[in-house]
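S.K.: I'd like to go over a predicted model; first the sequence, then the structure.
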Number of protein chains: 4
Amino acid sequence: MSDSSQQFASDNYSGICPEAWAAMAEANRGHDRAYGDDQWTARAADHFRQLFETDCEVFFAFNGTAANSLALAALCQSYHSVICSDTAHVETDECGAPEFFSNGSKLLLAQTEDGKLTPAAIREIALKRQDIHYPKPRVVTLTQATEVGTVYRPEEIRAISATCRELGLNLHMDGARFSNACAFLGCSPAELTWKAGVDVLCFGGTKNGMAVGEAILFFNKALAEDFDYRCKQAGQLASKMRYLSAPWVGLLQSDAWLKYGRHANQCARLLAELVDDVPGISLMFPVEANGVFLQMSEAALENLRAKGWRFYTFIGAGGARFMCSWDTEEERVRELAADIRMAMAAG
Amino acid sequence: MSDSSQQFASDNYSGICPEAWAAMAEANRGHDRAYGDDQWTARAADHFRQLFETDCEVFFAFNGTAANSLALAALCQSYHSVICSDTAHVETDECGAPEFFSNGSKLLLAQTEDGKLTPAAIREIALKRQDIHYPKPRVVTLTQATEVGTVYRPEEIRAISATCRELGLNLHMDGARFSNACAFLGCSPAELTWKAGVDVLCFGGTKNGMAVGEAILFFNKALAEDFDYRCKQAGQLASKMRYLSAPWVGLLQSDAWLKYGRHANQCARLLAELVDDVPGISLMFPVEANGVFLQMSEAALENLRAKGWRFYTFIGAGGARFMCSWDTEEERVRELAADIRMAMAAG
Amino acid sequence: MSDSSQQFASDNYSGICPEAWAAMAEANRGHDRAYGDDQWTARAADHFRQLFETDCEVFFAFNGTAANSLALAALCQSYHSVICSDTAHVETDECGAPEFFSNGSKLLLAQTEDGKLTPAAIREIALKRQDIHYPKPRVVTLTQATEVGTVYRPEEIRAISATCRELGLNLHMDGARFSNACAFLGCSPAELTWKAGVDVLCFGGTKNGMAVGEAILFFNKALAEDFDYRCKQAGQLASKMRYLSAPWVGLLQSDAWLKYGRHANQCARLLAELVDDVPGISLMFPVEANGVFLQMSEAALENLRAKGWRFYTFIGAGGARFMCSWDTEEERVRELAADIRMAMAAG
Amino acid sequence: MSDSSQQFASDNYSGICPEAWAAMAEANRGHDRAYGDDQWTARAADHFRQLFETDCEVFFAFNGTAANSLALAALCQSYHSVICSDTAHVETDECGAPEFFSNGSKLLLAQTEDGKLTPAAIREIALKRQDIHYPKPRVVTLTQATEVGTVYRPEEIRAISATCRELGLNLHMDGARFSNACAFLGCSPAELTWKAGVDVLCFGGTKNGMAVGEAILFFNKALAEDFDYRCKQAGQLASKMRYLSAPWVGLLQSDAWLKYGRHANQCARLLAELVDDVPGISLMFPVEANGVFLQMSEAALENLRAKGWRFYTFIGAGGARFMCSWDTEEERVRELAADIRMAMAAG
């Protein structure tokens, strides 16, 4: 039922990485306290504080939809609005979860360049309406890396956070693929977050090799007030929390989180390079993280599908999206590239 | 960090059972489709349909708080109310989650006998107020087994569901310890649910030996309309769903779910028998499922705590609660019983 | 503090019409039952049933924001979506009220022609996404007359409702200016609503000459189940309901509702005719109801403002919006037209 | 349809008082700005600031359910709880509105003495549960005068607010009958509110002689942040706001608010005195505000009903409740008293 031709469909088609698995196995010895009072959870939180070089507040949620929505709900009230990219996952793929968790906050869609928000676009949206007949902008959410595989530079984030401060907006980062961004830039996690003015980061574990479990890091600790109650009420407090936190210990203590991000990025870059000279193909976005978006003919797409390759054409910004994962095999990348080349030649 | 003296604190202090673990390991091979389109999820759902001898709708959620709250929200609107026991987990231990997921439904607390609702108690609450200034009763929720370790008989459930039908109420069952109830009664799951008039069951996996993952079974399929959207929006759709569903396959295909329920019950009964003749001790409730509630002197409780035993005194209905799990060791039960005897003698 | 130069700013700048006032005065004799159990409320509901030639369910709310939001919330769940025009009041001027009352339903914006939705635009939005990662379309809301002063013909509404039935969508009509639409078309209220497939109508009283009080009419009575509880819980049940319902009796028993709609429309048409030949001016939309949208130079607008005229330039679709009311004076229309002519000449 | 035997059923069976009516008539001249930008609204707010001798933030809502719910929602988050009396209107007669507006906040019921909360009762509830599995107490709400016709003394409120400060709780006052409390005590509004530590007051206009319109006064101005957006989103911003605010000007500029509160209280006291020596009758609560709660035989109640008197027996704490209003006629009080005497003699 598993199939290597699915390797490029989505980075959440991948399984649990060895480091996470080993930590779960170790955690699975005997009884331990529930609801996060266990030692694995304390250790995982400490690893995050060490990695980010700051005393942030750390929480865990089951998935990215919940992590993002809980964080956004903590940053605004129901009559506030959230500025995001028109390709943002919170807008396009979470079935109204941010609106649900916040009891009605509206998402306002800003123009992007290569999937990235800009200070100018944020400013335009934030200042467009300032009367009580329209929700008051209160949060900006960035996705790092973006849904189209691009990565915000530290200076871009700093510019955005300066705009946020000026306009009274909190800054949230959806880091479902944060490891890929760090790997691409070679920056420290701190440089990409609190040092650049990010208030809250949702750090994705699932796409990084875990089964479930995203971390929510509040660098602005005042915003974390009673956040543990929020998680509990919203059905996001695991009773056997150690199975969410131990994998993080596995990933963080060994730098596996970064190694896997780097590997996925390299596979994406390799794919892009291998098809670079294929006539008729164009890259829709710079390949920076672990996704490759190719503009291809419909005939070629059909040809690829007929060969068993799975990929999506509606995620992010259209085109064919090929995602690489922590466990993508280089050989499969080469096979895919060859099949793409043939498909385009045939089409 | 794990400690065998914690074995009686809570059944969610226990780990992952071998059958669930093995299934996860098997599921962890290569890539698979996300969001429940994988074969493990299909297999788990089929196992449930087979076990319950009916074509029910099956969904998975991360934990019991969410499973219960989502199910209740599907059975009522915000201006409706939910009748439950005053010791019900949804009332006492979910931090207002039912109110949150339903956007305001009120819980109405009914009197219980040994932790169990009765048709008369339900009727009294349901008919007390029938004006629009008070939320309209629409759902009854039972906990099977109850929070105080007792178990509803099939005829009790049938009597309650008859009352529900008469009064226009849907019937939900919180089955966080459903396996313990089945084991105690020797009834089939069908007899305890849809054959007795239950509309929706939340079947607990966590306390039964899983890491995360509760199943929500709609026997009344009309009530399941668009429930998949509800789960997604509320942050309860796992991307790597196979890690929630595969453990169920492990538990269900081998009857491990029932074996473990039976084991935990036996340990509880053993404990109750071993302290039965201890002077000054009294059982607060009949020991039917996997919990033993003892009325003991405060001095004796302190004595036990000093010996390292962990247990709660505020859950359910007070007294000291000792919970047995799928992996409780008989030897530890005997040690605990001996320490209780000594503590009472000392006190 | 009141000023006749404000006569064109908004139709809710107007006061209470004589018929509504007289009914309130009559209702203000002695004590009467609260919460709608009074005779005025029964009479008003009967007037609506007579006017609409059908046994609809009738409710009253304080304002249009609440009436629309409550009705939409009754037609969908939080994980559903509502298709509306990008200029719809629910989208642009209700501060996220629909999202709040529904606990998160998303509004999906469709393209319009002259402010009107079309079957094709609805179909495109409804079919664009059909996966659980995006809210499921469940309702279409029309504004009649539209925010840009145009009016749906009965056949247009019938075509839309046919599309709705095909796609499983409920059909809501925001009738804040329903009287203007009826007056323009010369159609019966029934023809424009349930005979054309509308499930629920919010009939605006405020802009029609009342102080507060919108009527919500469910032609599809099944959708009205427990709607009285919904209103109560959402803070929309008036204790002294007679003051919301009596004015409706005043308006409906005398056909004043239609007379005033007609008058406002005539004033708008007069304004449009008077400026029709002014060089440099263009009508942005056909003048069908009580609003006139003029494209004018910024200098001319400044000139008008300097003369004391109040009007909005950001409502609906930009341009200068001049609204006529139940009590607009023809003489003032002529003065305004003359000033517009001079302003354009000066500019 | 109006009937003087209904004069004691409820104080919201009464109509609009002359002062409020005259102000509405005066406000009903020509056009005025909408949504509270009019001069009447500014004047009303200033009157409140003068009356309360402080620069509070003033908002208007349509009814008491909404005013209370909006205020409570501003004082807590969904995972917080609100401590109230078990007879509080927010608990017993608002159909779950506080839970709805706050998206799930739980009401925790405290014991009362003569309908009044005490520091001890608040402390007990607030400290009972302090774990994340139960909503965190964050607000106390008092009703002044209470639902059973008693009145908090300034020192009682000060004692409660001291407890609130100690425990980190905000203090809200439901003042649906605030005027009756002021009239009874002869205290200034300031003494009973901010000087005694109240953060927010909902000042009832409806029972004081208005058609609709409650005022919400934030003495703690930080808590009022963006409250205007909250009102708008929740459907509580009147477009023709002047009709809510002008009546307040009428009531406040003439001290009619206090005169009417005093009158209603006097009528209640008169009734109590007139039946004081009737054999078999007992007063259930001290008569301080405008309500009289009588313990009477069922036969006597039937006898009264047969004579046409309307009253409730389930509101507040049972017994027969007789409410006096701003316009209750002394003669009718005497007739009622005489009928009560005869009914008891007959029974």
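M.R.: Received, thanks.

S.K.: Quick one: name the residues of the stretch 201-347 of chain A near chain D.
M.R.: Residues of the stretch 201-347 of chain A that fall close to chain D, judged by C-beta under 8 Å from any C-beta of the partner chain: A:Asp226, A:Asp228, A:Tyr229, A:Arg230, A:Lys232, A:Gln233, A:Leu237. Every C-beta, even on glycine, is put in place using the N, C-alpha and C of the backbone.

S.K.: Checking my notes, the second one in a helix, right?
M.R.: Yes: remark: A:Asp228 belongs to a helix, assigned using DSSP: H, G, I helix; E, B strand; the rest coil.

S.K.: Distance-wise, check the closest residue to it other than its chain neighbours relative to B:Ala73.
M.R.: Leaving aside its chain neighbours, A:Asp228 sits nearest to D:Ile132 (5.0 Å; criterion: C-beta to C-beta, 6 or more residues apart in numbering or on different chains). Taking C-beta to C-beta, to the nearest Å as the measure, D:Ile132 falls 21 Å from B:Ala73.

S.K.: what about those two, which has more around it?
M.R.: When D:Ile132 and B:Ala73 are compared for neighbours, B:Ala73 comes out ahead with 26 against 20, by other C-beta atoms under 10 Å in any protein chain shown.

S.K.: Now stretch A:239-258: buried residues?
M.R.: Buried positions in stretch A:239-258, judged by neighbour count with 16 or more other C-beta atoms under 10 Å in any protein chain shown: A:239-253, A:256-258.

S.K.: Kindly report the same for stretch A:155-170.
M.R.: Of the residues in stretch A:155-170, A:Glu156, A:Ile157, A:Arg158, A:Ala159, A:Ile160, A:Ser161, A:Thr163, A:Cys164, A:Leu167, A:Leu169, A:Asn170 count as buried by neighbour count, 16+ other C-beta under 10 Å.

S.K.: again, but for stretch A:169-186
M.R.: Within stretch A:169-186, judged by 16+ other C-beta under 10 Å, the buried ones are A:169-185.

S.K.: Among those residues, name the ones in helices.
M.R.: A:Phe178, A:Ser179, A:Asn180, A:Ala181, A:Cys182, A:Ala183, A:Phe184, A:Leu185 (DSSP state H).

S.K.: Now for the third one: which residues touch it?
M.R.: Under the criterion of C-beta atoms under 8 Å, 6 or more residues apart in numbering or on different chains, the contact list for A:Asn180 reads A:Ala145, A:Val151, A:Gly261, A:Ala264, A:Asn265, A:Ala289, A:Asn290.

S.K.: do the same with the fourth one
M.R.: The neighbours of A:Ala181, taking C-beta under 8 Å, 6+ apart as the test, are A:Gln144, A:Ala145, A:Val151, A:Tyr152, A:Gly175, A:Leu192, A:Gly261, A:Ala289.

S.K.: In the residues you listed, find the pair that's most separated.
M.R.: Across the contacts of A:Ala181, the longest distance by C-beta to C-beta is 15.0 Å; it joins A:Tyr152 and A:Gly261.

S.K.: Could I get the full set of strands for the stretch 201-347 of chain A?
M.R.: Residue ranges of the strands in the stretch 201-347 of chain A, as given by DSSP state E, counting those that start in this stretch, are A:214-218, A:282-283, A:291-295, A:320-323.

S.K.: what mean pLDDT does the shortest one have?
M.R.: The one in question is strand A:282-283. Strand A:282-283 carries an average pLDDT of 94.

S.K.: Could you dump the residues of the stretch 201-347 of chain A next to chain D into JSON lines with neighbour count added?
M.R.: Compiled in JSON lines, those are given as follows (neighbours: other C-beta atoms under 10 Å in any protein chain shown):
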{"residue": "A:Asp226", "neighbour count": "17"}
{"residue": "A:Asp228", "neighbour count": "19"}
{"residue": "A:Tyr229", "neighbour count": "23"}
{"residue": "A:Arg230", "neighbour count": "24"}
{"residue": "A:Lys232", "neighbour count": "26"}
{"residue": "A:Gln233", "neighbour count": "33"}
{"residue": "A:Leu237", "neighbour count": "29"}
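
S.K.: To what extent is the residue in the stretch 151-300 of chain A that chain C sits nearest to buried, counted in neighbours?
M.R.: In the stretch 151-300 of chain A, the residue found nearest to chain C is A:Ala234; the distance is 12.7 Å by C-beta to the nearest C-beta. Using other C-beta under 10 Å, the number of residues around A:Ala234 comes to 29.
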